[in-house]
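>>> what's the 3D shape of this:
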Amino acid sequence: MLISVLTEPIMSAELIEKLTKLAEYIKAHPDEARAGVAKLSPDAQKPAGDIIKIFVSDKDPKTKHEEIQALKASLPANIAAEIEEHKQELAKKLAARA
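The predicted structure is shown next:
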């Protein structure tokens, strides 16, 4: 279920609620988020941090999604792939906790 939260492209009310809870978790545990970003290559760390900043912002979910997608689309393919792989690993880790 949590894997779909991070990978599902459709913004249903249920998904928005789960993403909001995940953003709250990240806000409450910023060191955990920073530690995850630190595991990425130096070239992927800044865009990954930027994605997290957008994700935990107070913007509406649709705006967050659009901004994150635009940021990811602007990245070189190898950096986007690295961040996507990290996201998938995070989703599995969070699913194991649930």
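>>> Count the neighbours of Gly36 for me.
Residues lying near Gly36 (other CB atoms under 10 Å) number 17. Where C-beta positions appear, they are placed from N, C-alpha and C, glycine not excepted.
>>> List of residues touching the helix or strand hosting it?
Under the criterion of DSSP states H and E, Gly36 resides in helix 30-38. Contact partners of helix 30-38, identified using CB atoms under 8 Å, 6 or more residues apart in numbering, comprise Ile26, Gln45, Ala48, Gly49, Ile52, His86, Leu90.
>>> Can you show me the CA trace of it as PDB?
Coordinates of the C-alpha atoms in helix 30-38 are reproduced here as PDB (Å, rounded to 0.1, in the frame of the first residue of the first chain):
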ATOM      1  CA  PRO A  30      14.100  15.600   9.100                       C
ATOM      2  CA  ASP A  31      17.400  13.900  10.100                       C
ATOM      3  CA  GLU A  32      16.100  10.600   8.600                       C
ATOM      4  CA  ALA A  33      15.300  12.400   5.300                       C
ATOM      5  CA  ARG A  34      18.700  14.100   5.200                       C
ATOM      6  CA  ALA A  35      20.400  10.800   5.900                       C
ATOM      7  CA  GLY A  36      18.600   9.200   3.000                       C
ATOM      8  CA  VAL A  37      19.600  12.100   0.600                       C
ATOM      9  CA  ALA A  38      23.200  11.800   1.800                       C
END
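>>> Buried residues, that helix. List them.
Residues Ala33, Gly36, Val37 are the ones in helix 30-38 that count as buried (16 or more other CB atoms under 10 Å).
>>> Name the pair among the contacts of helix 30-38 with the greatest separation in space.
Using CB to CB, the contacts of helix 30-38 reach their maximum pairwise distance at Ile26 and Gln45, which is 15.9 Å.
>>> Can you tell me which of the buried residues of helix 30-38 comes closest to Ala80?
Val37 (15.0 Å).
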